[in-house]
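Peer 1: mind folding the following:
(one chain, ligands or ions: 1)
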Amino acid sequence: MYRIGQGFDIHRLVEGRPLILGGVKINHTKGLLGHSDADVLIHAIIDSLLGALCLGDIGQHFPDTDSRYKNANSLELLKNVLAMVEKSGYKIVNIDSTIQAQEPKLMPHINSIRENLSQNMLIGLKQISVKAKTYEKQDSIGKGEAIAVYCNTLLMKA
Ligand code: MG
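Peer 2: Predicted structure coming up:
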């Protein structure tokens with residue numbers, strides 16, 4: 001039996017914060033604003049996993065009003081959710097994500113992001129796709145004020 005999940009997230013890009021995508025720190029003049037480390041890619045992956053399991057969303061499991069999650073490492077949150085996947089009797093078939101960012105250029109970082117996620121999630125490189133697009137200089141993303149991610153995940157009964 002298969003289950004499909006979809007995830008979306010967006011964070012503001014501001015000065016004075018590190019930029020972390022998929023657990024990889026990326027050199028840039030700005031970073032993502034948030035209660036946790038604001039790793040927008042991992043947050044979208046988490047929501048796609050929770051969605052596939054019909055288990056709500058990231059805000060219900062890791063509320064931003066809870067001081068335990070202040071500056072939380074999103075990889076740790078992801079590992080908690082992977083334990084829920086295993087406990088539910090499912091395994092990941094594949095994940096496909098799209099990062100929408102006008103800047104910085106993400107193409108040079110895509111492979112290290114995929115490798116880091118594959119190692120931390122204990123899945124193969126061919127199971128985690130990360131794509132990047134600009135926003136054609138339109139709206140807040142296109143003006144470099146935010147980064148958004150869409151993600152789809154397919155699970156199958158283990
Ligand atoms: Mg988020």
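Peer 1: the nearest residue to A38 once chain neighbours are set aside: neighbouring residues, count only.
Peer 2: Closest residue in space to A38, ignoring its immediate chain neighbours: L32 at 3.6 Å, by C-beta to C-beta, 6 or more residues apart in numbering. To be clear about C-beta, it is placed using only N, CA and C from the backbone, and glycine gets the same treatment. For L32, the neighbour count with other C-beta atoms under 10 Å is 25.
Peer 1: correct me, but L32 touches L19?
Peer 2: Yes. Using C-beta atoms under 8 Å, L32 is in contact with L19, at 6.3 Å.
Peer 1: what sits in contact with each of the two?
Peer 2: Applying C-beta atoms under 8 Å, 6 or more residues apart in numbering, one finds that L32 and L19 are jointly contacted by L13.
Peer 1: for the ion, what's the nearest residue on this structure?
Peer 2: Closest residue of the chain to the ion, C-beta to the ion: H43 (3.6 Å).
Peer 1: so what's that residue up against?
Peer 2: By C-beta under 8 Å, 6+ apart, the neighbours of H43 are 7, 9, 11, 58, 74, 149.
Peer 1: just confirm it is within a helix.
Peer 2: Yes. Counting by DSSP: H, G, I helix; E, B strand; the rest coil, H43 falls inside a helix.
Peer 1: pLDDT at it, what is it?
Peer 2: The model reports H43 with a pLDDT of 98.
Peer 1: sorry, back to before: most neighbours of all the contacts of H43, which one?
Peer 2: Neighbours here mean other C-beta under 10 Å. Within the contacts of H43, the largest count is held by V149, at 28 neighbours.
Peer 1: wait, isn't that one in contact with I95?
Peer 2: No. Applying C-beta under 8 Å as the test, V149 and I95 come out as separate, 11.3 Å apart.
Peer 1: near the ion, which residues of the chain?
Peer 2: Taking C-beta under 5 Å from the ion as the contact definition, the chain meets the ion at 9, 43.
Peer 1: centre of the chain to the longest strand anywhere in the chain, how far?
Peer 2: The single longest strand within the chain, with elements called by DSSP state E, is strand 2-15. Put simply, strand 2-15 sits 6 Å off its chain's centre (C-alpha atoms, centre = their mean, to the nearest Å).
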